[in-house]
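Q: The sequence isn't on hand, but the structure is:
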């Protein structure tokens, strides 16, 4: 009998066939590589047992001047701040303390309430708050509601949690209404109707809108940054809002006076503290002049002065390459700006121009606003067809899973791609949507220290903040069918996010976390003889609990009559017996019990020749 050792290179290789990937790993789930060895990733647990409304697509952590930690989370429906175990709703208002008299109409036995509000401007899904009204039809209306339907421009309906005890036409006395900013959209879509194609396109009847389109409409996202201890927020194609931390968590963010009305992104330069707005208005206050390639910066240390003048340091630029500005980050003393096709750099050059804009590269644009991360002055990003890094020069990253990712990414929803940094494990991860998925549902990770790639089926987060402000990475997960429970919102519909702390134990929020890794086929000896394997000797660097080791034998790459042998091993298992026969084999390591944890080493098989048939 002869003992042979199967050795595998670190990382996942999906660029070749399973047989062609001899000596490599080809598939993984909830597994990472560290110093060349595969291991189960760290687990996660809820930060707090509350779900917030909507899908988070903007997250920022910072510390106040008094040392209090905060996390801002922008969703398609609201804007929240988390601190000390509590989520606070700081969503800006578009209408505040609007006086209404006897606006409610109820029907006995029904929870639907009609609200009279002239020129209300609300749409289905928007949020309204009623204050200081008297009970009507046995219902207390002093609460927050989601708009259920729009009757006309002067009335809408909401749904109470109880049925009215009587029918009332116009009741509730005098009170006030607050209207939150309009809700966005949780999915990316193609635009249809007017203005998405050439006038009177081929195949359409006269004076009819388009029913097909190549124009992608972005899902709602937020761009968040801090100005001192205050929070600056831009929801795509909306105003810039400021949350004054000193006013307390009971205060909402408010639009900045004198700033543009519509922008795509915001960022604060360091250390000079100019506020940048990207994809903003050419004429301040005129939303129709929004230009997706136009950027402007405020006067230094001044969020109210945006028009350039000889007496301030405000300024503007227009980028030429691309169709829209996609992302921007601070890096190496400059601001890097991506369009959908190119990368540019903004550098402070002093008066009179303050900043200089230069193009660094072309054909290397960012796929989404949140697809870029900076790690100690080196930036990594996903484009529409590849991964890149910039460390003073733009480099396309060789990727052993490139076709697997980009052949399956959804072209409509790719603007939702979110990047994450986990510096403790030297990882950059991109969460992305697969074909026909409206939401992020897979991830791909690059270990930039060891230069290896690995994929993860089903592991998805819509945002990420690395360890720093908090002792562990924080990341939100979206569930489109779960109701939010953080605050009382009557008539609220499904779709909520929960915030997790990662690298916490080895479980999925207390439940078992499935993990597995599969190797490519490897020849037994040179593959020219059929061998019989009697024993398998697994070797684990770390093994807590159990792990299942499966060895599959076959004679040819296309064989369908494979022979599988699986054994559950522990830290004391020396070997397990098999009767495997074949020219080649592959290996799978898996675990699916609570608190299981492992780090694989290698494997040996006890073989002898069994003929050439």
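A: Yes, it's here. Model, not experiment: these values are computed from the prediction.
Q: check contacts around the spatially closest residue to residue 458 that is not a sequence neighbour.
A: Spatial nearest neighbour of residue 458, chain neighbours left out: residue 441 (6.7 Å); criterion: Cβ to Cβ, 6 or more residues apart in numbering. The C-beta positions use only the backbone N, C-alpha and C, and glycine is treated the same way. By Cβ atoms under 8 Å, 6 or more residues apart in numbering, residue 441 lies in contact with 433-434, 458, 460.
Q: any idea which of the residues you listed has the most stuff around it?
A: Scoring the contacts of residue 441 on neighbours with other Cβ atoms under 10 Å, the highest-scoring entry is residue 433 at 24 neighbours.
Q: so it touches residue 462, yeah?
A: No: in this structure residue 433 lies outside contact range of residue 462 using Cβ atoms under 8 Å: 10.7 Å.
Q: Overlap in contacts, the two.
A: With Cβ under 8 Å, 6+ apart as the test, residue 433 and residue 462 both reach 416, 439-440.
Q: quick one: which of those residues has the most company?
A: For the shared contacts of residue 433 and residue 462, neighbours tallied by other Cβ under 10 Å; top is residue 416, 29 neighbours.
Q: in the sheet, who's paired with residue 517?
A: residue 28, residue 589 (DSSP bridges).
Q: how about low-confidence regions in the stretch 501-613 of the chain?
A: Applying pLDDT under 70 to the stretch 501-613 of the chain flags residues 525-528, 611-613.
Q: Which parts of the chain are helices?
A: Taking DSSP state H to define them, one finds helices in the chain at 402-406.
Q: Need phi/psi at the spatially most central residue of it.
A: With distances taken as Cα atoms, centre = their mean, the residue of the chain nearest its centroid is residue 462 (2.2 Å). In terms of degrees, to the nearest 10, the main-chain angles of residue 462 are phi -90, psi 0.
Q: Number the residues from 11 up from this point.
A: Yes, from this point I'll number from 11; that puts the last item at residue 472.
Q: residues in contact with it?
A: Residue 472 touches 65-67, 426, 428, 441, 449-450, 485-488, 507, counting by Cβ under 8 Å, 6+ apart.
Q: Find me the pLDDT at it, would you?
A: On pLDDT, residue 472 comes in at 98.
Q: again, but for residue 208
A: 50.
Q: do the same with the one 3 residues further on
A: Listed pLDDT for residue 211 reads 53.
Q: Also residue 343?
A: pLDDT for residue 343: 87.
Q: Identify the residue spatially nearest to it, adjacent ones excluded.
A: Nearest to residue 343 is residue 357, by Cβ to Cβ, 6+ apart, at 7.5 Å.
Q: Would you check that that neighbour makes contact with residue 363?
A: No: look at residue 357 against residue 363 with Cβ under 8 Å: they stay out of range, at 10.6 Å.
Q: picking up where we left off before, for the residue nearest to residue 343, give the beta-bridge partners.
A: Bridge pairing for residue 357 - DSSP bridges - gives residue 366.
Q: before we move on, back to that, emit the ChimeraX select command for whichever of the contacts of residue 472 are buried.
A: Here the buried members of the contacts of residue 472 are turned into a ChimeraX selection, burial being counted by 16 or more other Cβ atoms under 10 Å:
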select :65,66,67,426,428,441,449,450,485,486,487,488,507
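Q: Now the residue nearest to residue 468, what are its backbone angles?
A: When read as degrees, to the nearest 10, the backbone of residue 451 gives phi -140, psi 0.
Q: Give me the below-cutoff pLDDT ranges for this protein.
A: For the chain, the stretches with pLDDT under 70 are 11, 200-226, 535-538, 621-623.
Q: Return the distance of stretch 247-261 from the chain's centre.
A: 23 Å (Cα atoms, centre = their mean, to the nearest Å).
Q: And the strands in the stretch 261-410 of the chain?
A: Along the stretch 261-410 of the chain, counting by DSSP state E, counting those that start in this stretch, strands occupy 264-265, 275-278, 285-288, 304-307, 325-328, 335-341, 344-349, 352-360, 364-372, 382-385, 388-392, 397-400, 404-406.
Q: Could you say which of those strands is packed most deeply?
A: Highest mean neighbour count among these (mean count of other Cβ atoms under 10 Å): strand 285-288, with a mean of 27.
Q: Tell me the helices and strands packed up against that one.
A: strand 275-278, strand 304-307, strand 335-341 (3 or more Cβ pairs under 8 Å, 6 or more residues apart in numbering; DSSP states H and E).
Q: do you know which of the ones you listed lies nearest residue 46?
A: Residue 46 lies closest, by Cβ to Cβ, to one member of these: strand 335-341, at 29.3 Å.
Q: just the strands in the stretch 411-560 of the chain please.
A: All strands of the stretch 411-560 of the chain, identified by DSSP E, counting those that start in this stretch, fall at 428-432, 437-442, 452-457, 462-467, 484-489, 499-500, 506-512, 525-529, 532-533, 541-554, 557-564.
Q: got these as a markdown table, with distance to residue 589 columns?
A: A markdown table is the format used below for those (distance: least, Cβ to Cβ, whole Å):
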| stretch | distance to residue 589 |
| --- | --- |
| strand 428-432 | 43 |
| strand 437-442 | 40 |
| strand 452-457 | 37 |
| strand 462-467 | 32 |
| strand 484-489 | 44 |
| strand 499-500 | 62 |
| strand 506-512 | 42 |
| strand 525-529 | 21 |
| strand 532-533 | 19 |
| strand 541-554 | 7 |
| strand 557-564 | 9 |
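Q: Name all residues that make contact with the closest residue to residue 261 other than its chain neighbours.
A: Using Cβ to Cβ, 6+ apart and skipping the chain neighbours, the partner closest in space to residue 261 is residue 254 (6.4 Å). For residue 254, the contacting residues are 240, 261, 264, by Cβ under 8 Å, 6+ apart.
Q: quick one: which of the residues you listed is nearest residue 198?
A: Residue 198 lies nearest to residue 264 out of the contacts of residue 254, by Cβ to Cβ, at 28.6 Å.
Q: What separation do you get for that closest one and residue 103?
A: Going from residue 264 to residue 103 by Cβ to Cβ, to the nearest Å gives 8 Å.
Q: next one: residue 237
A: 21 Å.
Q: What about the residue nearest to residue 422 when sequence neighbours are not counted, how many residues nearby?
A: Excluding its sequence neighbours, the residue lying closest to residue 422 (Cβ to Cβ, 6+ apart) is residue 198, at 5.1 Å. Under the neighbour criterion other Cβ under 10 Å, residue 198 is assigned a count of 21.
Q: right, and residue 198 touches residue 246 too?
A: No: under the criterion of Cβ under 8 Å, residue 198 makes no contact with residue 246, lying 11.3 Å away.
Q: so what sits against both of those two?
A: In terms of Cβ under 8 Å, 6+ apart, residue 198 and residue 246 are both contacted by the residues residue 228.
Q: before we move on, the earlier item: wait, which of the helices and strands packed on strand 285-288 is closest to residue 379?
A: strand 335-341 (5.0 Å).
Q: in its sheet, what does that closest one sit against?
A: Checking strand 335-341 against DSSP bridges gives partners strand 344-349 (antiparallel).
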